[in-house]
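>>> the following block contains a protein sequence and its predicted model.
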Amino acid sequence: MEINRSLIRGKVKGSGAEIVTVSSGKGGAGKTFFATNFAVELKKRGYRVLIFDADINLSNTYLLLNIDNSNEFRRFIEGEIEINEVIQKGVGGVDVLYAGEEIDTLITLDDQKIGNIVSELQKIENRYDYIIIDTQAGLHPLNLDLILYSSRNIIIANPEITSLVDLYKLIKVAALKKPGIYFDLVVNKALSVKSAIEIYSKIKDTVSKFRIRSEINFLDYILEDSKRVLESIQKRTPVVILHETGVLAQCFRIIVDSFLKGVKKEKRIPFFYFLFKR
C-alpha cells in the first residue's frame, strides 16, 4: 500500500526512543517471556520502557504482565480514543501497548487514518527510552517491516532443530532486504553455557557459509528452568521480580548489561513514520 507522505510529513519529529524488536523463527521459542522480563529489567535500571505487543497470532503479554486483554487498540485505530487511553501499566512498572491481531488491520486503512495514527504513535516514541516490540514469530510481512525499521533486533533461539532452521530463514530474508543487518542473539532454554555457545556458533557458521550479509552478536543465554517459567506465568509476574535473586534473574541482568554496552550511537529515525510510509 502506498501512503501519501504529504499527510504526515509535517508531523515527523526525531525519535527519542530506541526501538527494539524481539523475534523468533517459530512459536514456542520463549520470545514473549524474554521480552517481558527484559523490559522489566530495563525498567529496574531506571529507563522508561514500553512493550508494544504486536504478535498477531499468539499474543500473551497480558498474561505475563497482568494487564487487561480487552483490546482497545481497534478503538484507537478508528479514532475513538487517543493512544494514551490504550497504554496500560504492567507488573514492574512497564507500560504496555497491547495491539495483538488488530495491528494487522493497519495495512487496510486509508491515507488520512494512517496519517493520524502515525502522529499519535510518534507521541509515544518521544516519551520512552526503549520501546520493546514483541513481534509475531516467522516471516509475516509486518514482522519483517518491524525488524527492518527498528533500531536493534534481538532474536531468540532454543535448542530445537526446527527453531534453528526457521530462525536461519528469518535472518536470510531480512538480510536480503537489508544487507548487513545486525542481530543480537539470545539462546533460551539453554542446558549449559557450552550448549548455548554451540547454538550461537552453529547459527553464525551457517550465516557465514552461505554468505548471508548479516552480523550476529551473541548477547547471552537463559538457562532452562521450566518450573519457574510456569510459576511466573501462573502468578502473572515476571521471573525477574518473582525470583529476583534466582538464576534466571541473573541471566537477564547479564543480558541487559551486554545489551546496554552494545548500544551504538546512531541517529534515531522516527520509527512509525518510516514503518507506514510505503
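Received the coordinates, thanks. Remember, it's a predicted structure, so these values are computed and weren't measured experimentally.
>>> how about the helices of the stretch 51-200 of the chain, start to end?
Counting by DSSP state H, counting those that start in this stretch, residue ranges of the helices within the stretch 51-200 of the chain are 61-65, 73-77, 111-125, 141-149, 161-177, 193-209.
>>> which of the ones you listed is buried the deepest?
Across the helices of the stretch 51-200 of the chain, averaging neighbours per residue (mean count of other CB atoms under 10 Å) puts helix 61-65 on top, at a mean of 23. C-beta: built from backbone N, CA, C; applies to glycine.
>>> tell me how far residue 17 lies from residue 197.
32 Å (CB to CB, to the nearest Å).
>>> contacts only, for the closest residue to residue 103 other than its chain neighbours.
What sits nearest to residue 103 in space, not counting adjacent residues and going by CB to CB, 6 or more residues apart in numbering, is residue 54, at 5.0 Å. If a contact means CB atoms under 8 Å, 6 or more residues apart in numbering, then residue 54 has 99-100, 103, 133-136, 142-143, 146 as its contacts.
>>> re the thing from before, of all the helices of the stretch 51-200 of the chain, which one is nearest residue 36?
With CB to CB as the criterion, residue 36 lies closest to helix 61-65 of those, at 4.4 Å.
>>> contact partners of the closest one?
32-33, 35-36, 51, 53, 55, 67-69, 90-92, 94, 96, 98, 134, 232-233, 236, 238.
>>> is it true that residue 172 touches residue 213?
No. The pair residue 172 / residue 213 is not scored as a contact, 9.7 Å apart, by CB atoms under 8 Å.
>>> let me see the ranges of the strands in this structure.
Ranges of strands in the chain, per DSSP state E, are 18-24, 49-53, 88-89, 95-98, 130-134, 152-157, 181-190, 214-223.
>>> list the buried residues for the fifth one?
Going back to what we said before, that points to strand 130-134. 130-134 (16 or more other CB atoms under 10 Å).
>>> per-residue pLDDT, residue 278?
You'll see residue 278 listed with a pLDDT of 45.
>>> do the same with residue 271
pLDDT, residue 271: 77.
>>> if I pick the spatially closest residue to it that is not a sequence neighbour, what's in contact with it?
Once flanking residues are discounted, residue 271 sits nearest to residue 19: 4.6 Å by CB to CB, 6+ apart. Each residue near residue 19 by CB under 8 Å, 6+ apart is listed here: 125, 131, 133, 149-152, 268, 271.
>>> apply 6 Å and report the result again.
For residue 19, the contact set (CB atoms under 6 Å, 6 or more residues apart in numbering) comprises 131, 150-151, 271.
>>> who wins for most neighbours among those residues?
In terms of neighbours by other CB atoms under 10 Å, these top out with residue 131 at 28 neighbours.
>>> from residue 274, how far out is that one?
Using CB to CB, residue 131 is found at 14 Å from residue 274.
>>> brilliant, that's me finished.
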